[in-house]
Every structure is written in structure tokens, then in C-alpha cells.
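Enquirer: I'd like to go over a predicted model; first the sequence, then the structure.
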Amino acid sequence: MSELATPLTLRPQDEVECRLCEVHCDKVVYPAACTERSCPFVYAYEEHGHTFMGCMQKVYEVEIDVDMVRAAERRREGFGAVRATKRPLPMCQSEIDPCFTHRAGELGCVNPEFNELPAGSPTFRVFARLT
């Protein structure tokens, strides 16, 4: 294993970043979808004449000016995504954002479970036989 590689985890789908190969992948969420989907974990507060929004579950840690989100959503590109700092919730609009895709090996992703939706339990079971 190279110095840059990190060890496999038991639940890779719960991680928010993958650095197992030279392609670096992060999970991202779309804050504009939080208000569109009436997420119960969105909070807002006013300060300095602006309204800011954030996530009570800290799926993303940034607090965003609501007027900027609305203005960006009127454009075709929309507001865009922010890096997830915790596993996205089922109601979150999220995806995997790969970086350095030109570094991908011939076999592709070395950690395909990272792209899976979080499961209620691990996707495999480990048994030990003690004698």
C-alpha cells in the first residue's frame, strides 16, 4: 500500500471523502434543495441585514446568504454544491464529486462502495470462529 493510500473502512458508504487512489472523491450536497424539499433541519437567522441558512445536522458546515442562493438559482447553473462534512441524510440532494479524474487507473474506482447509498447495516458480515 502506498503512503498516500488510507485503509479501507467497514462502511465506506458512510464516509464523506475517499482518498484510496489518485482520484480524490468528495460527497457534496446542494443547499438550494434543502429549502425546495422543506428539509426540517434547515435553520435561518438574520444578521447585518442578511438572512443566512445552515444545516442543524451539520451535513454541511457553511452558513449561506439566502439572497445569494435565490439569485443563483434563477440562473441556469443554479447555486451549486458544497462539500459534505457528515454523511448526507436521505432527504439531501447529494452526489460524488471526483477530482483529478485523469489519474484514474485502468480498472476504475478502487472503492465502489463509497458511491452507494448509506445502508442501515454493513453490506457484509464478519464471522469469527473461536476454538
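Expert: Yes, it's here.

Enquirer: can you count the residues close to E106?
Expert: The tally of other residues near E106 (other CB atoms under 10 Å) stands at 4. From N, CA and C alone the C-beta is placed, and that goes for glycine too.

Enquirer: Doesn't it belong to a helix?
Expert: No: E106: not assigned to a helix; according to DSSP: H, G, I helix; E, B strand; the rest coil it is coil.

Enquirer: Could you report the pLDDT at it?
Expert: As predicted, E106 sits at a pLDDT of 82.

Enquirer: so how far is Y43 from it?
Expert: 46 Å (CB to CB, to the nearest Å).

Enquirer: Secondary structure of V59: a helix, I assume?
Expert: No: secondary structure of V59 (three-state DSSP): coil, not part of a helix.

Enquirer: Next one: the closest residue to it other than its chain neighbours from E15, what distance?
Expert: Leaving aside its sequence neighbours, V59 sits nearest to K86 (CB to CB, 6 or more residues apart in numbering; 5.1 Å). Going from K86 to E15 by CB to CB gives 10 Å.

Enquirer: and if you look at K27?
Expert: Distance from K27 to E15, by CB to CB: 8 Å.

Enquirer: shared neighbours of the two, anything?
Expert: R87 (CB atoms under 8 Å, 6 or more residues apart in numbering).

Enquirer: Compare these two (neighbour count), which wins?
Expert: K27 (25 against 19).

Enquirer: Can you name the residues that contact that one?
Expert: 15-17, 83-84, 87-88, 94-97.
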